[in-house]
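> Sequence and predicted structure, then a few things I'm wondering about:
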Amino acid sequence: MLLQELSRSRMLDALRDMERLQSQFHKLLGWDREPALSEFPPVNVWTSQNGCIVTAEIPGVDPGDIELSVVNQTLTIKGSRTPDQLKDGEEYHRRERGYGQFTRAVELPFPVDPERVDARFSKGVLCVNLPRTEQDKPRKIDVKSA
Amino acid sequence: MTTELREREEVRTPEGAERTRARRTFIPRADIYETADGIVVLADMPGVDENSVEITLEKNILTIDGRVEPEQREGYTLTYAEYSVGDYHRVFVLSDAVDRNRIDATVKNGVLKLTLPKSQEAKARRIAVKAE
């Protein structure tokens, strides 16, 4: 009995060691990081039967400078980010934030009603609510007994 | 975008240790520049406003903490994700003595702007080196 307990705890230790090694290995290869961003801004898409919500992180841009358009099933987000203008004698210690113009097209999962699209921007996060067209919504079909 | 966008890095905890909040914590991307009067720090922290950011300066260690409430959308499911929502944490070591009483912090459109004025003593202490 005691022997069994011992071997179990040893097995757990071994498992923990393996996990630790795995995480170190991942860190070594840089696999524990977020995948490299190829496009800006990064977007998330939330869906339901009635529509979808597209959110994007666009910090440092004024809401008035964001241009949105919906054509067929594609949402396009356009804008630009301008860096602070440095005066003579001022210098950067560190520069990690991107700047410049960006255009991002997002393919939507279903046709949406462009008239009812609603967009909000707060705390650097854009949230676009795109309701699905009525014709495209799933319809419930009643099964009648013959 | 002209500057290459790097992936958002997560804050690493010491091995075996965990954060109390079961949430991811990211290192915000930052620009830092020096002016004649001080240092300006700009940090991208989408989802953060003036009430959810905390800045502490202890000796010359500047700590920035931002809390972001996770997104909950009633009736919707997240079907595609390129970014994840989490808290922010970053620590900087300042080289110049900073006038603590005049530190100014603002948050606008998810960007934190910190202005750290150099203290008068630090300004006076600078000694010009002349070439012979």
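Here it is on my side, so go on.

> show me the contacts for B:Arg29.
Applying CB atoms under 8 Å, 6 or more residues apart in numbering or on different chains, one finds that B:Arg29 lies in contact with A:96-97, B:6, B:8, B:43-44. Where you see a C-beta, it was placed from the backbone N, CA and C, and this is true even at glycine.

> before we move on, what about B:Ser95?
B:Asn60 are the contacts of B:Ser95 under CB under 8 Å, 6+ apart.

> just to confirm, which helix or strand has it in it?
Secondary structure assignment for B:Ser95, by DSSP states H and E: no helix or strand.

> I'd like to know how far it sits from B:Leu114.
Counting by CB to CB, to the nearest Å, the separation of B:Ser95 from B:Leu114 is 15 Å.

> for the residue nearest to A:Lys87 when sequence neighbours are not counted, phi and psi?
The shortest distance from A:Lys87 to any non-neighbouring residue, by CB to CB, 6 or more residues apart in numbering or on different chains, is to B:Thr35 (7.3 Å). Note on B:Thr35: backbone dihedrals following degrees, to the nearest 10 are phi -110, psi -180.

> so what pLDDT did B:Thr35 get?
Note on B:Thr35: pLDDT of 89.

> Enumerate every residue touching it.
Counting by CB under 8 Å, 6+ apart, B:Thr35 touches A:87, A:89-90.

> how about low-confidence regions in chain B?
B:1-7, B:96, B:122, B:124-126 (pLDDT under 70).

> residue ranges of the strands in it, please?
B:25-26, B:30-34, B:38-44, B:53-58, B:61-66, B:77-81, B:87-93, B:104-108, B:111-117 (DSSP state E).

> now the ones you listed in a markdown table, with mean neighbour count and distance to A:Arg132?
Shown next, in a markdown table, are the strands of chain B (neighbours: other CB atoms under 10 Å in any protein chain shown; distance: least, CB to CB, whole Å):
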| stretch | mean neighbour count | distance to A:Arg132 |
| --- | --- | --- |
| strand B:25-26 | 20 | 33 |
| strand B:30-34 | 20 | 40 |
| strand B:38-44 | 23 | 33 |
| strand B:53-58 | 13 | 37 |
| strand B:61-66 | 18 | 35 |
| strand B:77-81 | 12 | 13 |
| strand B:87-93 | 18 | 34 |
| strand B:104-108 | 14 | 34 |
| strand B:111-117 | 21 | 34 |
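
> With distance to chain A as added columns, please give those in TSV.
Putting the strands of chain B into TSV (distance: least, CB to the nearest CB, whole Å) gives the following:
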stretch	distance to chain A
strand B:25-26	8
strand B:30-34	4
strand B:38-44	4
strand B:53-58	10
strand B:61-66	10
strand B:77-81	4
strand B:87-93	9
strand B:104-108	8
strand B:111-117	4
